[in-house]
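Asks: Dropping the sequence and predicted coords here.
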Amino acid sequence: MGKDEILELLTQIEAGKITAAEGFEQLRDLCYVDIGCAKIDSSRETRCGFPEAIYGAGKTPIQICEIMQRLAASSANNIIASRCSAEAYACVVQRLPEAHYNEAARMIYLRRHQVGIGNIAVVCAGTSDLPIAEEARLTAELMGASVTVIYDVGVAGIHRLLAATSQLKIANVVIAVAGMEGALASVVGGLVACPVIAVPTSVGYGASFGGIAALLAMLNSCSSGVTVVNIDNGFGAGYAAAVINKQSVSGSIT
């Protein structure tokens, strides 16, 4: 139930068109809805501006399907389910034919509308980092942002990154995705005036320790304005970037 629906319901109660008891029945699930396998945060959209996202890893296709179906019924916004298999998508699309699947990002989603405000740049070091970069891109787009992608521009061939400097400088936020030694975020941080969200990936040989080397390098960046999310957390980076981008656009308007 969205803000407008709550206000309309309270107006009807105030006008005596429905009883307080009837209003309570409509509001009783405002905090969460218990469907057995999950307690869905049905008021997340009202509090935070975007519905609860589904983390698909560890859930069965049926569970993902049931949660997504309930979210789709209670919100007119875009719906995201991350880290999902093609098998889960096959289950979801039977009940929600409008659902889509991005194989690289492993994301099932319902795109009800596309706003495309502001500008977020998603930069990734190499093709091996694409799944996480795509997760970040798609998350930010589904949250209403306009996204520019700059892929395969790692520091091993830094001229490729420098060639995209003009695109970086007009972004409200840059998401820098890199594995190995994770140097990309520090370089990008030294080129732009906007916030940089660094995403370490688990890409790399043995001494990268599954992304820990990149994580520590990004946390120890000497470039100001760089903040770091967890290893392979493209969703978290995309979400945070979309919030910053929205605030940036709102500030420029006011």
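Replies: That came through fine.

Asks: burial count for Tyr89?
Replies: Counted by other Cβ atoms under 10 Å, the residues lying close to Tyr89 total 24. (Glycine included, C-beta is placed from N, CA and C.)

Asks: Can you list phi and psi of it for me?
Replies: phi -60, psi -40 (degrees, to the nearest 10).

Asks: From Pro61, how far off is it?
Replies: Distance, Tyr89 to Pro61, by Cβ to Cβ, to the nearest Å: 8 Å.

Asks: Kindly state the pLDDT recorded for the closest residue in space to Ser146 that isn't next to it in sequence?
Replies: Nearest non-adjacent residue to Ser146, counting by Cβ to Cβ, 6 or more residues apart in numbering: Gly116, 4.3 Å away. Per-residue confidence (pLDDT) for Gly116: 86.

Asks: same deal with Thr148?
Replies: For Thr148, the model assigns a pLDDT of 96.

Asks: would it count as being in a strand?
Replies: Yes - membership of Thr148 in a strand is supported by DSSP: H, G, I helix; E, B strand; the rest coil.

Asks: Distance of it relative to Met107?
Replies: For Thr148, the distance to Met107 equals 19 Å [Cβ to Cβ].

Asks: Equivalent analysis for Glu98, please.
Replies: Counting by Cβ to Cβ, the gap from Glu98 to Met107 is 15 Å.

Asks: who's in contact with stretch 67-82?
Replies: With contacts defined as Cβ atoms under 8 Å, 6 or more residues apart in numbering, stretch 67-82 is touched by 1-2, 33, 35, 37-38, 40, 42, 45, 50-56, 59, 64, 88, 92, 95-96, 99, 105-113, 135, 139, 142-143, 235.

Asks: The same query, at a cut-off of 7 Å, please.
Replies: By Cβ atoms under 7 Å, 6 or more residues apart in numbering, the residues outside stretch 67-82 that reach it are 33, 35, 38, 40, 42, 45, 50-56, 64, 92, 95-96, 107-113, 135, 139, 142, 235.

Asks: What's the first helix or strand after the helix or strand containing Asp4?
Replies: Taking DSSP states H and E as the criterion, Asp4 maps to helix 3-14. Moving toward the C-terminus from helix 3-14, the next helix or strand (DSSP H and E) is helix 20-27.

Asks: So for that following helix, what gets flagged as buried?
Replies: Gly23 (16 or more other Cβ atoms under 10 Å).
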